[in-house]
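Participant: Predicted model and sequence below, questions to follow.
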Amino acid sequence: MKRAFLGEFEEVVLLTVAILDEGAYGVTVTQEIEQKTGRAVGFSTVHTTLQRLQEKGFLASEMGGATAERGGRRKRFFVVTAAGRKALAEVKQVREQLWNALPPQTLQLMGG
Amino acid sequence: MDAKNKTPGWANWLLKTFGHPDTQEEVTGDLLELYAHWVATVGERKARWRYSLNVLKLLRPFAVRNQSTDYSTPFFLSPAMIQNYVKIALRNLLRHKAYSLINIVGLALGMACSLLIGLWVYDELNYDRFLPYHAQIHYVRVNYSFRGNEIQTASATPGPLSEAITRDIPQVAAVTKLTWPSERLVHVGDRVAKEQGQYASVGFFDVFDLPAVSGNPRSALANLNQIVISQRLAEIYFPNSQAVGQSLQLDNNKRFVVGAVLKNLPPTSTLQFDWLVNFKAQEEEWQTQWGYNAVQTYLRLKPATTALQAEASMKGMFRRYATFNNNEHIVLQPITDLHLWGDYENGVAVGGQIEYVRIFGIVALFILLIACINFMNLSTARSAKRSREVGVRKVIGARRLALVGQFLSESTILSLLSAVIALVLVWLTLPAFNTLFDKQITLDFADPVRWIGITGLVLITGLLAGSYPALFLSGGQPARILQGLHFRFSNHRAGPAQLRQVLVVFQFALSTFLIVGMLVIGRQMSYLRTKHLGLDRGNVVYLNLEGQLNDYQKTEALRHELIQLPSVAGATTAAHLPLNIQSNTTDLHWSGQNEKQLVSVSAMSVGNDFIKTTGIKLLDGRDFRPNALADTACYLINEAAARLMGMNKPVGQHITFWFGKGPIIGLMKDFHLGSLREAIKPLVITYMPPSAQYLLIKPRAGQTAQALADLERLVNQFNGDYPFSYHFLDEAYQRLYHREQQVSVLINYFGILAILISCLGLFGLAAFSAEQRTKEIGIRKVLGASIGSLVALLSTDFLKLVLIAFILASPVAYYVMQQWLTGFAYRVELSWWVFVLAGGLAVGIALLTVSYQSIKTALMNPVKSLRSE
């Protein structure tokens, strides 16, 4: 089955955008990832990944309103596209299949 | 919120300058927001640090790929585009016929020139490369050191050397000795003619593995009764039959059987012979002695040995066999260098033909460059006119590459057209060129090198000629181009007008340089032709003594009859032509000589009446007495020899020379013994009538024709088997300057051509500038300017450039010509008027070129030019 490749970090970013729903833009995505996963992510990495995901067609974006806090600059809001949702679903399905395939004793040893 | 002010300035600058323009706004915003967040959470210092770090990471090249545009542009080299370029180029060509003509004619002339010279240079560089094993074949030269630190390099070697090398030197695979090529009379049936050939030792075909048409050349050369001939000879003398096995008579007396027929040697072979006979068939006593430099020696090294190794093991070679000489050193010259590096100085090859190869190559490049500059100048001049086309193309969406492609293909099409014309020109001029240079160059298109060369020339010329318009015209902003601003104020770089000026200066500097070269070389050549050499050369006839006349008694009888004739003023015999004495010896001793130091002097044997016939001036003493055997140990010397020996009054003093100790009986005023390249060498003349090789005759003034007729009659009487041929001493002298003569002719043609091409360009430029300034001229005329002042106005711009060119070119030309002249021991002075004349010529020709346009414009009716506004 031909599938769009989704890197691990890309998956995290894509999921975060989905979680944030209407309010996903560079800053919120960065902060959300930091909070939820506890890993310190650079803004630049997030920004690049967002661009790449958009290029791949998993994300769409549009410019939103400006706030004084940002020196009068507008935000770019991201939303997950249908292709993005499909990709996420596929990743989830693959993971679940793999988990289900684990022999029970191994599952026990892993503390699952 | 003034967080922005505290963010690092350099990071902001970086982001602004290098950040991706599409996402810059939100990224800057996001970063500012984050900065505020970081200041609140981790403190200001860390926040600034994180901020900078993030900016830097964002700048990773290609971190964000370029967003693709929504519509595609055609690749600038796609077939459709190329088709389009060609179409536009042809339309442009046809629309501006005068302009195209100037361009094509200029380029074609330039290309024809460089093609011709390219062919010549290629030919010169390929000498002897056709030989199998050419990398291992070497020519043997010997360095002798003489008084002071002078080293003389002999191109002749003693006869026994080749056998000694075979015996002693392990690095050598094969070795052969050869006589110098000589013309001998060849008889087969009724066919008689002189043919050139050599005598060679049996190793010849081991060194030179030349292909045979029939027969076995090795066994033929080994057999003393057999002869090896060329295919050319076989076709002439045995046209209807197999040559091998037939008999052939050489020189009236010796008969040989043809043993093998060799393929003709190509013109690029240093060896040139039509017959080859075993060395032993003519070997003479002196050719077997170590004391005489008598033969040419070639050898082939074993694979994987170097010439240096072989030279090292040949050290002391002479000492082992010859007792007299202990300061010689054998040098091996690769056969592929033989043609190009003929001049040795201090024992090292310093130059020769290679200098002319370089000069011609540079001249060819110059001419091509001048032609390309024309093209560039005319295209930039016209660029303003084409700017609308460029602007529209850009607005429609042409990429810069597409425009570059368009201009380059236009110039390449022009250069292709020019190349076709140039090839025709080359084809037409090649026969004359071949005659001038003694070459047999053909436009042989089977040779891929020529195709590659010509294609390369077309491409390079096209790219070079089109480079500036392509890069300049394509670079502007469309809006500025359409407003006509791009060409008026080209913001920071030098505009096309300045570039044009620089190029015109460059062109005329090259032309001036060539004119100076023409004048100086021409003057030196006429100096060589007319300088008084210290003897009579214009009115002395000589002939080779051959056949029956090889006999001294017969020659003397002929000479005796000649001097009885009323048309003949004098006749003598000599072993060399007095203007080209090639014989050197170290065999001169005098009292008071420093015995350790060998000296090298020129030497020659003469017969009766030598001084009288040649017109050499005797400063003191007397000529040899006719038929006086007592004079065989008497010597004539020149002033240089007297200086060498430190004798103030040499006549009467005794020296020891070839024929033993004897008195100096006469002191000759110095005359030139060879080319004017060299200073006059010390000379000793001995009296030895039987060693004569040449008969020299001086006709009485005004009776040359009669004398020649008498001479022919008498010579035919004495030596009827040989066709009568004579030469003037002048001709033999001229042959010494063969190369200079060729350069002189070529430089003349090229100088004129360079000027012509430059003027062609100037003409185009003048037309352009006149056209551009029609309105200005119209206004000036209306306001009352005189025609003269207008012509001056239009011409001075160009004259200034030509003058600058002259000032720039003069010192360079002075230096280069001075260098060339130092090659001559006797030469003309580089006087100032040569430069003034060259400058005057350049200015004059430029003025003539420009004035046509200037006058035309100045005479124009202002009503016409001003009506439109």
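Facilitator: Here it is on my side, so go on.
Participant: how many neighbours does B:Ser247 have?
Facilitator: 12 (other Cβ atoms under 10 Å in any protein chain shown). All C-beta atoms are positioned from the backbone trio N, CA, C, and that covers glycine.
Participant: Apologies, that question was intended for B:Ile680.
Facilitator: Neighbours of B:Ile680 using other Cβ under 10 Å come to 20.
Participant: Now the nearest residue to it once chain neighbours are set aside, what are its backbone angles?
Facilitator: In this structure, B:Ile680 finds its nearest non-sequential neighbour in B:Asp670, 4.8 Å apart by Cβ to Cβ, 6 or more residues apart in numbering or on different chains. Per-residue torsions, B:Asp670: phi -60, psi 130 (degrees, to the nearest 10).
Participant: What distance do you get for B:Asp670 to B:Gly570?
Facilitator: To B:Gly570, B:Asp670 is 21 Å away according to Cβ to Cβ, to the nearest Å.
Participant: from what I can see the residue nearest to B:Ile680 touches B:Leu533, true?
Facilitator: No: when contacts are counted by Cβ atoms under 8 Å, B:Asp670 is not listed as touching B:Leu533 (9.7 Å).
Participant: tell me the mean pLDDT over the helix or strand hosting B:Thr176?
Facilitator: Here B:Thr176 sits within strand B:172-178, counting by DSSP states H and E. Average pLDDT, strand B:172-178: 92.
Participant: Give me the helices and strands touching it, please.
Facilitator: helix B:161-168, strand B:191-200, helix B:204-207, strand B:296-301 (3 or more Cβ pairs under 8 Å, 6 or more residues apart in numbering or on different chains; DSSP states H and E).
Participant: and chain A, which of those is closest to it?
Facilitator: Ranking these by proximity to chain A (Cβ to the nearest Cβ) places strand B:296-301 first, at 65.7 Å.
Participant: The closest one to helix B:161-168, inter-axis angle?
Facilitator: Strand B:296-301 and helix B:161-168 are oriented at 20 degrees to each other (axes from the mean of the first three to the mean of the last three Cα atoms, to 10 degrees).
Participant: so where is chain A shaky, pLDDT-wise?
Facilitator: A:1-4, A:111-112 (pLDDT under 70).
Participant: Could you list the residues of it in contact with chain B?
Facilitator: A:25-27, A:30-31, A:42-45, A:47-48, A:51-52, A:55, A:63, A:66, A:68-71, A:73-76 (Cβ under 8 Å from any Cβ of the partner chain).
Participant: May I see the ChimeraX selection of the buried members of the residues you listed?
Facilitator: Burial among the residues of chain A next to chain B is assessed by 16 or more other Cβ atoms under 10 Å in any protein chain shown; the matching ChimeraX selection reads:
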select /A:25,26,27,30,31,43,44,45,47,48,51,52,70,71,73,74,75,76
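Participant: In contact with the closest residue to B:Tyr139 other than its chain neighbours, which residues are there?
Facilitator: Distances taken as Cβ to Cβ, 6+ apart place B:Gln333 nearest to B:Tyr139, at 4.6 Å, with adjacent residues excluded. B:Gln333 makes contact with B:His138, B:Tyr139, B:Val140, B:Arg141, B:Trp341, B:Ala349, according to Cβ atoms under 8 Å, 6 or more residues apart in numbering or on different chains.
Participant: how near is B:Arg386 to chain A?
Facilitator: 40 Å (Cβ to the nearest Cβ, to the nearest Å).
Participant: Hmm, B:Ser474 and that residue touching each other?
Facilitator: No: in this structure B:Arg386 lies outside contact range of B:Ser474 using Cβ under 8 Å: 11.0 Å.
Participant: which one of those two has more residues nearby?
Facilitator: The neighbour count for B:Arg386 versus B:Ser474, taken as other Cβ under 10 Å, is higher for B:Ser474 (21 against 15).
Participant: Not counting sequence-adjacent ones, nearest residue to that one?
Facilitator: Nearest non-adjacent residue to B:Ser474 (Cβ to Cβ, 6+ apart): B:Leu403, at 3.7 Å.
Participant: centre of the chain versus the host helix or strand of the one you found, how much separation?
Facilitator: Using DSSP H and E, B:Leu403 sits within helix B:400-437. In this view, helix B:400-437 has its centroid 22 Å away from the chain centroid, taken as Cα atoms, centre = their mean, to the nearest Å.
Participant: name the helices or strands packed onto it?
Facilitator: Using 3+ Cβ pairs under 8 Å, 6+ apart: helix B:400-437 touches helix B:79-95, helix B:97-125, helix B:353-396, helix B:448-473, helix B:738-772.
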